[in-house]
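Asker: Give me coordinates for this.
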Amino acid sequence: MARADLIIKLVEAGSLGNMKLFNKTVEAMIAEERSKNHNILADRLTDVLRESNKSQLFNNDNKTNTLSLNKNNQSLFFETIPDEFLRNLILEPKIIESINELIQEHFRRDLLRSYNLEPRNRVILAGPPLEMGKHH
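Answerer: The predicted structure is shown next:
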């Protein structure tokens, strides 16, 4: 894609708030810069994109994405909004980083699948049992 087209797509995505188009356009710009052996610029764009995606995860009160359903299917789903947010949990930085990586994999699953990779779909949780019920 020509550079001017990429810039137009980038502005369009930003004005519409379309993060999917924005990410796709920046990734195309990164690929173009790498093809020209402009690796420093490509690395800087990659870092900025990664940081913007991380901050995007936690800017909107960390609410889940809402489903857009047609009126015939709305009664088939029950949607709840979480009471707790990730930023309110007291966790070690290493654990927060792992959670962010998992979330990022799922946001960018299309890119992973383009490389014949799948995002992780299981998480192993370890720790002492919670004292929430009767133990006999």
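Asker: alpha carbons only for contacts and neighbour counts from here, please
Answerer: OK.
Asker: Distance-wise, check Phe85 relative to Ala126.
Answerer: Remark: distance between Phe85 and Ala126 (CA to CA, to the nearest Å) = 21 Å.
Asker: For the chain, give me the ranges with low pLDDT.
Answerer: Counting by pLDDT under 70, the ranges of the chain that qualify are 1-2, 53-75, 79, 130, 132-136.
Asker: domains of it?
Answerer: Using automatic domain parsing, the domain ranges for the chain come out as 1-57, 78-126.
Asker: As a check, name the ranges of all helices in this protein.
Answerer: In the chain, the segments counted as helices under DSSP state H are 3-16, 19-35, 39-59, 93-107, 109-114.
Asker: Torsion angles phi and psi at Ile81?
Answerer: Taking degrees, to the nearest 10, you get phi -100, psi 130 for the backbone angles of Ile81.
Asker: residues in contact with Phe22?
Answerer: In this structure, Phe22 makes contact with Lys9, Leu10, Ala13, Gly14, judged by CA atoms under 8 Å, 6 or more residues apart in numbering.
Asker: That's all I had, so thanks and see you.
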